[in-house]
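S.K.: based on what follows, work out the 3D shape:
(2 chains)
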Amino acid sequence: MLVAPVGWLARLFDPPLRALQRVGGYGGMAVFFLAPNMLVFGIFVLFPLVLNLVYSTTGGAALFLGDRSFVGLAQYERLFDCSNYLDPKSCAEDLFWTAVWNTAGFVVVQVVLMVVVALVTALVLNRELKARSFWRAVFFFPVLLSPVVVGLIWKWILQRQGLLNLGLYELGLTQVNWLIERGWAFTAAVGVSIWAHVGFYALILLAGLQAIPKDLYEAAEMDGTRPARMFWRITLPLLMPNLIVVLVLVLIRSVQIFDEVYVLTGGGPGTATLYLTQYIYEIGFASHLRNPGLASAASILMGGVLVVLTLLQLGIGRRNEARGKK
Amino acid sequence: MKKTVLAAFAAALMSTTAAMAGDVRIMWYTDGVEGEVMKDLVDRFNKANPGINVILDDVGYKVVQEQLPVELEAGRGPDIARVTNLKTIAQHWLDLRPYIADAAYWEKNFGDQFDWMRPDGSDAITGFMTQLTLTGGYANKTLFEQAGVPLPGPTATWDEWVEAAAKVKESQQLNAAFVIDRSGHRISAPIASYGGNYIGADGKPAPVDEGVKTFAKKLVDWTAAGLMNKEVWVSAAGTTYRPGIEDFINAQVAFYYSGSWQIAALSTKIGKNFDWVATGSPCGPAGCSGLPGGAALVGIKYTKNAAEVGKVMDYFASEAVVKEFTERTLFLPAHKGVAAGAIDFKSDDANVKAALDAFVKATGQVLPTANALPAWKWATPVYGVLVTRISQVMAGEMSIDDAFMRMDEDIKAQVAAAK
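M.R.: Coordinates of the predicted model:
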């Protein structure tokens, strides 16, 4: 029933496409089809990237490039002006290095936990459970929430007079300043980001689990293989391509962490949860005397890290593809 | 047929631009009840002036503080805005002189604060103060009475206030004895009372002096001792503003240092739950100073409807409207004529009248170093630096001496970056 209108629509485009092919040739058609996408990419990604690079070589608080002075690499020099990179206090821009090391710590802990929790969730949801669809929806639901909403919900739960402390009080237990103690604030930042995103990564792993042929498990079971051995010898190796995709995606997202943590802790206590993106936002937009040049330089450096991670993802993807072909 | 369609399209386009030509968009934020009052005033203006359509965007204070400056830098923004960052970004305000009906009226009634909101050396009229404010304290009278602790007198020092509030905390099992808003503006009043001065001989920021150091050390020590509510200051990084008002409203602290603009909010939210009093500013060795300031309604340079903006500003600056706004919002008026006349503040709350009287009385205590800050373009950046570094000390991330060194470096870097 749908074939007729689709065919009619296709015929409608036939004359102009033929005309284009006459002008551009067979090879030119690829350029024609790619052009709209490349145009959007150019306007919204490439141009801002180049602009950001140019801004990072300028100084002053003005926003328009014409009103800004060229300072060369001075912004980068300021960011790298350190006697010991491991000690932010020895750096001219100490908050930048605090944010760098905070981000590094967050990435290490959050990525490991996220992958493990996502894997466990996927394994549980892959079992024959009662109301399995319901449980899958439950785990996926937080993914649908805006990060600001996630941050606010958890702030109401974790703040001094929040729901959690109310519960502890009712139980006669000691209340904790979850968002004011450094360790707890970090734990909250990691925990909330896992809660908010684990459903998405679990879904990717779940798809991988369901693609593993059932007969492999049946054969192993007939051979009397223990469940733990089946997990290490069948599930994990066959799930590895999905697991690597998840790992790299989590890694990239983790470096970019901002919204839910900004709402939840504001970067506090002190600067305990001040991460790179918040530093860039503070310097570029929220500070009373903004410094777009310094913010741009910091974002270029962060962009560099993300490019490396993306290349890593591409490399691993290609390697897996090549292995699959063999 | 083709001509008819084109004519209809042109007519539609013209009617759209005509409507836009009369639009005046105001970016507004609300501390207490002034949003409601303003909405009412705008509705009345729109009814009386069919050619002008005033649109009131009541946004969060953070939007005014963080997003508006970026919009302005990009040459965009509303037509009028209510702002507290008056001087640092004054280059974006519109000179209203050609568009207002009677510049002499404006100068006579609002002239004392014009320098607060125009670039140095300019004689522009960029707007008017919707209210004058003064920082000052509030005490929970009921908690003091229940604890059997007498309220410190008008010449009591910061130490005496904190000591008294600490006794109340102990007796009433409070979360903290007192709280100050997380704001460099707020702590600049006690810093002035301790002899601090930010302004160097050349008009640029001076290195942090003994006044700054003394009060900053006290604040950090009080926080470490659990007397100042740590949560408000430590719960954010950078320059983020955090008010302490919720702790006072919920009777979690005995003393709250903020300012006169909180009167309406306190009256509305506390109601009859407890009695509270405005205390003026506690004293230091140099005096008992509050910090004057306030919010201004300013025209934005990038407006396409400057003539309409002038008419709207004339309306809001008129004596009758300022008087009504003052009486309903419980703000201190900046309009000299209104201030000189009888003001019938619309509140049944006995605490309100006494609080307003206390703030009016406290205006006589303002030190010259505090009085100079609203018209000083570096005030806001210095406030930001103070908050950022003092919070880090409170969080145990650096020593107070390192913080002082960092404050000087940060301010130097900001001055250099602004060139």
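
S.K.: so which residues of chain B form strands?
M.R.: B:23-29, B:53-59, B:80-83, B:127-140, B:178-180, B:255-259, B:276-280, B:292-299 (DSSP state E).

S.K.: may I see the ones you listed organised as CSV, with mean neighbour count added?
M.R.: In short, each C-beta sits where N, CA and C put it, glycine included. CSV is the format used below for the strands of chain B (neighbours: other Cβ atoms under 10 Å in any protein chain shown):
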stretch, mean neighbour count
strand B:23-29, 21
strand B:53-59, 17
strand B:80-83, 25
strand B:127-140, 26
strand B:178-180, 28
strand B:255-259, 26
strand B:276-280, 23
strand B:292-299, 24
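
S.K.: domains in chain A, by residue range?
M.R.: Using automatic domain parsing, the domains assigned to chain A come out as A:3-55, A:86-325.

S.K.: name the SS class of residue A:127, please.
M.R.: coil (DSSP: H, G, I helix; E, B strand; the rest coil).

S.K.: which pLDDT value belongs to it?
M.R.: At residue A:127, the model reports a pLDDT of 87.

S.K.: before we move on, the earlier item: Throw the strands of chain B into TSV and include distance to residue A:90 and mean pLDDT, thanks.
M.R.: Putting the strands of chain B into TSV (distance: least, Cβ to Cβ, whole Å; pLDDT from 0 to 100) gives the following:
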stretch	distance to residue A:90	mean pLDDT
strand B:23-29	40	96
strand B:53-59	41	96
strand B:80-83	38	96
strand B:127-140	37	95
strand B:178-180	31	98
strand B:255-259	35	97
strand B:276-280	44	96
strand B:292-299	37	94
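
S.K.: can you put those strands in a markdown table and add distance to residue A:52?
M.R.: Formatted as a markdown table, the strands of chain B follow (distance: least, Cβ to Cβ, whole Å):
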| stretch | distance to residue A:52 |
| --- | --- |
| strand B:23-29 | 28 |
| strand B:53-59 | 28 |
| strand B:80-83 | 28 |
| strand B:127-140 | 35 |
| strand B:178-180 | 38 |
| strand B:255-259 | 39 |
| strand B:276-280 | 49 |
| strand B:292-299 | 31 |
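
S.K.: which one of those strands lies nearest to residue B:392?
M.R.: strand B:178-180 (16.5 Å; Cβ to Cβ).

S.K.: what about that closest one, near chain A?
M.R.: No. Figure legend: strand B:178-180 not in contact with chain A (Cβ under 8 Å from any Cβ of the partner chain); closest approach 12.4 Å.

S.K.: elements contacting that strand?
M.R.: helix B:158-172, helix B:230-234, strand B:255-259 (3 or more Cβ pairs under 8 Å, 6 or more residues apart in numbering or on different chains; DSSP states H and E).

S.K.: again, only this time at 10 Å
M.R.: When contacts are defined as 3 or more Cβ pairs under 10 Å, 6 or more residues apart in numbering or on different chains; DSSP states H and E, strand B:178-180 packs onto strand B:127-140, helix B:158-172, helix B:184-193, helix B:210-224, helix B:230-234, helix B:245-249, strand B:255-259.

S.K.: count of neighbours near the residue of chain B found nearest chain A?
M.R.: Nearest to chain A, among the residues of chain B, is residue B:395, at 2.5 Å (Cβ to the nearest Cβ). Using other Cβ atoms under 10 Å in any protein chain shown, residue B:395 has 22 other residues around it.

S.K.: the helix or strand hosting residue A:206 and chain B, are they touching?
M.R.: Here residue A:206 sits within helix A:182-211, counting by DSSP states H and E. Yes. Applying Cβ under 10 Å from any Cβ of the partner chain, one finds helix A:182-211 in contact with chain B at A:182, A:185.

S.K.: quick one: list the elements packing against that helix.
M.R.: helix A:94-125, helix A:132-144, helix A:147-158, helix A:236-255, helix A:259-265.

S.K.: packing partners for the following helix or strand past it?
M.R.: Later in the chain than helix A:182-211, the nearest helix or strand by DSSP H and E is helix A:214-222. With contacts defined as 3+ Cβ pairs under 10 Å, 6+ apart, the packing partners of helix A:214-222 are helix A:227-230.

S.K.: pLDDT of the helix it packs on, averaged?
M.R.: The model assigns helix A:227-230 a mean pLDDT of 92.

S.K.: tally of neighbours for residue 233?
M.R.: With no chain named, the answer covers chain A. Using other Cβ under 10 Å, residue A:233 has 13 neighbouring residues.

S.K.: that answer is for a different chain, and I need it for chain B
M.R.: By the criterion of other Cβ under 10 Å, residue B:233 has 28 neighbours.

S.K.: equivalent analysis for residue A:258, please.
M.R.: 16.

S.K.: and it, what does it touch?
M.R.: A:147, A:267, A:275-281 (Cβ atoms under 10 Å, 6 or more residues apart in numbering or on different chains).

S.K.: can you check residue B:89 too?
M.R.: So residue B:89 contacts A:61, A:288-289, B:68-69, B:72-73, B:83, B:117, B:119, B:298, B:377, B:380 (Cβ under 10 Å, 6+ apart).

S.K.: and the contacts of residue A:258, which two are the farthest apart?
M.R.: Farthest apart among these by Cβ to Cβ are A:147 and A:279. That separation is 17.7 Å.

S.K.: related to what we said a few turns ago, mind putting the helices and strands packed on helix A:182-211 in CSV, mean neighbour count included?
M.R.: Formatted as CSV, the helices and strands packed on helix A:182-211 follow (neighbours: other Cβ under 10 Å):
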stretch, mean neighbour count
helix A:94-125, 19
helix A:132-144, 14
helix A:147-158, 19
helix A:236-255, 18
helix A:259-265, 24
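
S.K.: low pLDDT regions in the stretch 1-150 of chain B?
M.R.: B:1-21 (pLDDT under 70).

S.K.: what residues does it have near chain A?
M.R.: B:62, B:65-67, B:69-75, B:85, B:88-89, B:91.

S.K.: report the buried members of the residues you listed.
M.R.: Buried subset of these (neighbour count, 16 or more other Cβ atoms under 10 Å in any protein chain shown): B:65-67, B:69-73, B:85, B:88-89.

S.K.: tell me which of those is nearest to residue B:231?
M.R.: When those are compared against residue B:231 (criterion: Cβ to Cβ), the nearest one is residue B:65, at 20.9 Å.

S.K.: list the contacts for residue A:60?
M.R.: Counting by Cβ under 10 Å, 6+ apart, residue A:60 has contacts A:67-69, A:71, A:290-293, B:416-419.

S.K.: in terms of pLDDT, where does it sit?
M.R.: The model reports residue A:60 with a pLDDT of 85.

S.K.: please apply the same query to the one 3 residues further on.
M.R.: In the predicted model, residue A:63 carries a pLDDT score of 81.

S.K.: okay, which residue is most central for the chain?
M.R.: Assuming you mean chain A. For chain A, the residue lying nearest the average C-alpha position, counting by Cα atoms, centre = their mean, turns out to be residue A:253 (1.4 Å).

S.K.: my bad, the chain I had in mind was chain B
M.R.: residue B:294 (4.6 Å).
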